[in-house]
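**Student:** sharing a model prediction with you, sequence too.
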Amino acid sequence: MRKKNIMTLFIALTLLLATSIFFINQKGNLFHKKTVTITDKNKEDSKKTSSTSVQNNENEEEVNSDEQDTDIHQDDKDDPNKNENKELAEFIAHYHGVLNDITSYNRYENIDWMYMQSVVEELTDGINQILSNEDTYPASMKIDLERVVLLGEISVNDQDSIAVVYIHRILHDLDVEYNGYIYSKYGFSNYDSGGENQQTVVKHIEKYGK
């Protein structure tokens, strides 16, 4: 009888231990799932912060640079028709001003898309006319002008304000580099030995282009 009681007690303790281990494991799994969710949320918040940071660079007018960009333009540098083209210079300066008005001081957050479409159409027509005569522009500027057209298409098709910001930055850099506009650069243009932030533009076009 005593042996039977001991055996019953042993079985009860074994069941109690097994039940305890089961609930401990379940609690651990729940905690693990919660941690993963928090981690994923932090990643999403990080992405949002990064995106906001990119946009907010456009909130203030560009900081004036102390010195003019004096780098030698390597491609076609001895051809005044390409490097001293008054019409090209005026085209860049004009549309840089237009995009400056659209994007600066948080205006990129409330773009008039009907107006933006008309700007993109005019800008695209002008660029196509420039590209039709390769003797009138530096060779390394071609990719910048083509990217502006692609970004323009993305901007109006998707109402993509970031694409508009990138158009502005390319034109800004070209104004600095081609026209001697005395401001710091964004590093978004290919012209003048290439900008360090070109991949930002390339990735945006690859992701959202048709």
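**Tutor:** Alright, I've got the coordinates.
**Student:** what stretches of the protein score poorly on pLDDT?
**Tutor:** 1-77 (pLDDT under 70).
**Student:** which residues in it form helices?
**Tutor:** 2-56, 80-83, 86-103, 113-131, 142-158, 161-179, 198-208 (DSSP state H).
**Student:** Ile162: how many residues sit nearby?
**Tutor:** Using other C-beta atoms under 10 Å, Ile162 has 19 neighbouring residues. Yep, even glycine has a C-beta here, placed from its N, CA and C like the rest.
**Student:** for Glu122, see how far away it is.
**Tutor:** Here Ile162 is placed at a distance of 21 Å from Glu122 (C-beta to C-beta, to the nearest Å).
**Student:** repeat that for Ile102.
**Tutor:** Counting by C-beta to C-beta - Ile102 and Glu122 are separated by 13 Å.
**Student:** Ile170 contacts Phe188, doesn't it?
**Tutor:** Yes - contact criterion C-beta atoms under 8 Å: Ile170 and Phe188 qualify, at 5.0 Å.
**Student:** higher neighbour count, Ile102 and Glu122?
**Tutor:** Ile102 (19 against 14).
**Student:** contact partners for the more buried one?
**Tutor:** When contacts are counted by C-beta atoms under 8 Å, 6 or more residues apart in numbering, Ile102 touches 108, 111, 116, 119, 164, 168.
**Student:** try it again at 7 Å.
**Tutor:** By C-beta atoms under 7 Å, 6 or more residues apart in numbering, the contact list for Ile102 reads 108, 111, 116, 164.
**Student:** comparing Ile170 and Phe188, which residue is more hemmed in?
**Tutor:** Higher neighbour count among Ile170 and Phe188: Ile170, with 27 against 24, using other C-beta under 10 Å.
**Student:** quick check: that one touching Val148?
**Tutor:** Yes - the pair Ile170 and Val148 passes the contact test of C-beta atoms under 7 Å, sitting 5.7 Å apart.
**Student:** make a ChimeraX selection of the buried ones in the contacts of Ile102.
**Tutor:** Listed next is the ChimeraX selection for buried residues among these, using 16 or more other C-beta atoms under 10 Å:
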select :108,111,116,164
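**Student:** columns distance to Tyr183 on top of the contacts of Ile102, output as JSON lines?
**Tutor:** Listed next are the contacts of Ile102 as JSON lines, based on distance: C-beta to C-beta, whole Å:
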{"residue": "Tyr108", "distance to Tyr183": "18"}
{"residue": "Ile111", "distance to Tyr183": "23"}
{"residue": "Met116", "distance to Tyr183": "23"}
{"residue": "Val164", "distance to Tyr183": "19"}
